[in-house]
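Undergrad: give me coordinates for this.
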Amino acid sequence: MRILLTGKNGQVGFELQRALAPLGTLTAVDQTDCDLTDQQAIRSLVRSIQPDIIVHPAAYTAVDRAEAESDLAMAINGTAPGILGEEAARIGALVVHYCTDYVHDGTKQGFHTENDPPNPRNVYGASKLAGTKSLCQKTNKHLIFRTCWVFGAHGANFVKTMLKLAGERETLNVVADQFGAPTSASLIADITAQVIGQYQRTEEKHFPFGLYHLAAAGVTTWHEFAQTVVAASLRAGMGLKLTPQSIRPITTAQYPLPARRPANSRLATDKLRDTFSLHLPPWQDGLSHVLQQIL
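TA: Coordinates of the predicted model:
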């Protein structure tokens, strides 16, 4: 099969290059190869490659900057997926797309399911929701993985920020009233490859297309996540000024940002695990793997 991968230099795209390589002939592109704000460029890319599968992790991910760049965020996150879906439908291709926990307002108690109505609190979440809706309108032959708190060895993310600050500061304040599951880019890539592999082996009329939550097992806060990162790095012999005990918990209200974040980003993953017979390891396993690569 011919596989087209966007966002090859992003956190998830970087890992997907490895995970998808055994599944077919892979063409990986980034923003310099195809401007996702240019609808004709997107169409030309798909028509030139004629892929059997389009895997689309590319996105506008600057959550706070999106508040001031709503048109750009909407063009990349909201409009481009629909164009890809339209082109995919024309040639019978599968589209694999990625969504975010930020489509929820975070007021629900317990875990969000795929059936919960979205209610984004910021421009980024609204743009990702628009892209998901647009894709679904253009083609039924889609897989949408909604994930949360993504981190990895490649690209900028919370883990790398904590390591940098831990080498510079003796104290740090981190939000402790937002809950979710840190999910490694490598886990997202590996699960994507597993599901695509099942798609390749299944008659299309029997394959369960649709939306699935994809997140590591377990729940934590940003504060506990930061403490775990620093503790593991110290055990590995990394010289840091910061200790887990010197990371102070604060509330979201004490750390205002341009974009409002959901307090509850917990995603129920039963549907993904049961449908495809997959195991989702605890978030600590993903962190250990990433820290080994970084350190």
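Undergrad: show me the shaky parts of the stretch 151-295 of the chain.
TA: Nowhere does the stretch 151-295 of the chain drop to pLDDT under 70.
Undergrad: confirm Gln109 sits in a strand?
TA: No: looking at Gln109 with DSSP: H, G, I helix; E, B strand; the rest coil, it is coil, so not inside a strand.
Undergrad: now do the strands in the stretch 1-150 of the chain.
TA: Ranges of strands within the stretch 1-150 of the chain are 2-5, 25-28, 53-56, 94-100, 142-147, 150-151, based on DSSP state E, counting those that start in this stretch.
Undergrad: now the stretch 151-295 of the chain
TA: Taking DSSP E, counting those that start in this stretch as the criterion, the stretch 151-295 of the chain carries its strands at 172-175, 179-180, 183-184, 210-213, 220-221, 247-250.
Undergrad: out of the ones you listed, nearest to Glu114?
TA: Comparison of the strands of the stretch 151-295 of the chain against Glu114 by CB to CB identifies strand 210-213 as nearest, at 5.0 Å. (Glycine included, C-beta is placed from N, CA and C.)
Undergrad: sheet partners, orientation included, of that closest one?
TA: With DSSP bridges as the test, strand 210-213 is paired with strand 142-147 (parallel).
Undergrad: please state the mean pLDDT value computed over stretch 139-146.
TA: The pLDDT scores in stretch 139-146 average 98.
Undergrad: check the offset of that stretch from the chain's centre.
TA: Per CA atoms, centre = their mean, to the nearest Å, the displacement of stretch 139-146 from the mean C-alpha position of its chain is 14 Å.
Undergrad: contacts for it next, please.
TA: Under the criterion CB atoms under 8 Å, 6 or more residues apart in numbering, residues 85-86, 88-89, 92-101, 103, 114, 132, 135-136, 188, 191-192, 195, 199, 204, 209-214, 267, 272 lie in contact with stretch 139-146.
Undergrad: distance of Val274 from Ala268?
TA: Just to correct that, residue 274 is Asp rather than Val. Per CB to CB, to the nearest Å, Asp274 is found 11 Å from Ala268.
Undergrad: scratch that, Ile250
TA: According to CB to CB, Ile250 stands 28 Å off from Ala268.
Undergrad: quick one on the thing from earlier: looking at Asp274 and Ala268, which is more packed in?
TA: Between Asp274 and Ala268, counting by other CB atoms under 10 Å, Ala268 is the more crowded of the two (16 against 9).
Undergrad: which phi and psi does Gly239 have?
TA: With angles defined as degrees, to the nearest 10, Gly239 sits at phi -80, psi 110.
Undergrad: tell me, how many residues neighbour the closest residue to Thr243 other than its chain neighbours?
TA: Among residues not flanking Thr243 along the chain, Val230 sits closest, at 6.7 Å (CB to CB, 6 or more residues apart in numbering). Other residues near Val230 number 23, with proximity taken as other CB under 10 Å.
Undergrad: residue contacts, Val230?
TA: Counted by CB under 8 Å, 6+ apart, Val230 has contacts 162, 166, 240, 242-244, 247.
Undergrad: about what we covered before: mean neighbour count and distance to Leu72 added to the strands of the stretch 1-150 of the chain, as CSV?
TA: Shown next, in CSV, are the strands of the stretch 1-150 of the chain (neighbours: other CB atoms under 10 Å; distance: least, CB to CB, whole Å):
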stretch, mean neighbour count, distance to Leu72
strand 2-5, 22, 22
strand 25-28, 17, 23
strand 53-56, 26, 17
strand 94-100, 24, 17
strand 142-147, 23, 22
strand 150-151, 24, 20
